[in-house]
Structure formats: C-alpha cells, structure tokens
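Trainee: with the sequence up front, the predicted model follows.
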Amino acid sequence: MPHYKLTYFNLRGRAEISRYVFAYSGKKYEDHRIEAADWPKIKPTIPFGKVPVLEVDGVIIHQSLAIARYLARETGLAGQTPVEQALADAIVDTIDDFMVLFPWAEKNQDVRTQAFNDILTNKAPELLKDLDAFLGDKNWLVGKSVTWADFYWDVCSTTLLSYKPDLADNYPRLLALRDRVQALPAIAAWLQKRPKTIM
C-alpha cells in the first residue's frame, strides 16, 4: 500500500477536498500541517513553491485539484465512466473558477470585505443557478453515486456560507446535497474530528 503524505497549512483551504477523499475511502495518510510562521523556510523545499503537495512513496504531486483528481481516481470517486469523469472534472473546475475570483491573500481588510461582498452578491447567484440546474432532482451531481464533485461543492460552499449564511437559501436542492454529503458516515466522522480552522 502506498505511503501518502499531504502537506498544507493548518487550514481547510485547498487541501480539504483531498482530506474528504482520504476520509471517505479510509486510506491512511499523513496529514502534515505547517504553520504560517514556518512557511518562509519550508517554501524553498517545496516543488514550485506552493502547497498543497502530496507525496506518494517519495513522488511529489503538486496542484490541489491534480492531487484530488488522482486520489478520486484511485478510490472510485472520479465517476464510473469516462463521460462521468469528464462531467465531474467540469463541475469541479466550474466551482474552482468561481473560488479563485476571491482575493484570499488581500491584506487590506476594507478592500477584501468589499470584494467578497461584491462577488457573493453579484456573481454567486449565476453559479448557484447553473449548479442547481445541473443537479436537478438527482441525488448526486454526476451519476448515481457520490463523486469528488459533490465533495468539492460541500468544501467550497462551507467556506462561502461562512461569509454569507443565506447565500443558498433559494436553492434547497443544493443545500440538500450538502446534507447528503455530510451525512455519509465517513465524512460525518471527519467533520467531527478535523481541526477547527478559520477557513
């Protein structure tokens, strides 16, 4: 069995999707969390100077979604057919295109708050409308079983709802999808035991 080591900050952030996949699959891994104060000395040792990275038997994979996609394929969460896999990838990429609009690293609190409010008020409704239409009356976004696309919706919407709790009130099907993901026993257990972090 491969040895997995996932390295990221002590945040949910860009690594949480992979932690969901590990939790659901039951695969053992080292959840290596680094403190922000230690980052300047660690950064030069990380390929491409960004985290998360996943080490698999000494091979280092970078880019958060490449890591999660690899893990999803390894654990049967990528989709059951090539078309389902492409659709799951497309949903993840669509959500991620939205998430990267936010100025996460902005230090000026006023600028950050204004930008977040603008995105959540003016851009989020279109994403939610499209996701809701794609989900329709299905239990899961893609296919007949849970995929990493459902996990990514839960991970990202958790962060978004922490900024705007009523964000998805007009989309009960999307909220119900969150409930289904969080009710999966392995995910529920992870949510109970994971470190409490700001994001």
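Mentor: Perfect, I can see it now.
Trainee: for residue 14, phi and psi?
Mentor: Main-chain dihedrals, residue 14, degrees, to the nearest 10: phi -80, psi -10.
Trainee: pretty sure it is touching residue 6, no?
Mentor: No: look at residue 14 against residue 6 with Cβ atoms under 8 Å: they stay out of range, at 10.7 Å. Just so you know, the C-beta spots here come from the backbone N, C-alpha and C atoms, and that holds for glycine as well.
Trainee: which neighbours do the two have in common?
Mentor: Applying Cβ atoms under 8 Å, 6 or more residues apart in numbering, one finds that residue 14 and residue 6 are jointly contacted by residue 52.
Trainee: which parts of the longest helix along the chain are buried?
Mentor: Counting residues, the longest helix in the chain under DSSP state H turns out to be helix 82-99. For helix 82-99, burial by neighbour count (16 or more other Cβ atoms under 10 Å) applies to 84-85, 87-89, 91-92, 95, 98-99.
Trainee: any idea which of the residues you listed is closest to residue 186?
Mentor: Of all the buried residues of helix 82-99, residue 186 sits closest to residue 88, with 18.7 Å by Cβ to Cβ.
Trainee: sorry, back to before: outside of the longest helix of the chain, which residues touch it?
Mentor: 65, 68-69, 72-73, 78-79, 123-124, 127, 130-131, 134, 141-143, 147-149, 152-153, 156, 159.
Trainee: report the buried members of those.
Mentor: Buried positions within the contacts of helix 82-99, assessed by neighbour count (16+ other Cβ under 10 Å), are 65, 68-69, 72, 78-79, 124, 127, 131, 141-143, 147-149, 152-153, 156, 159.
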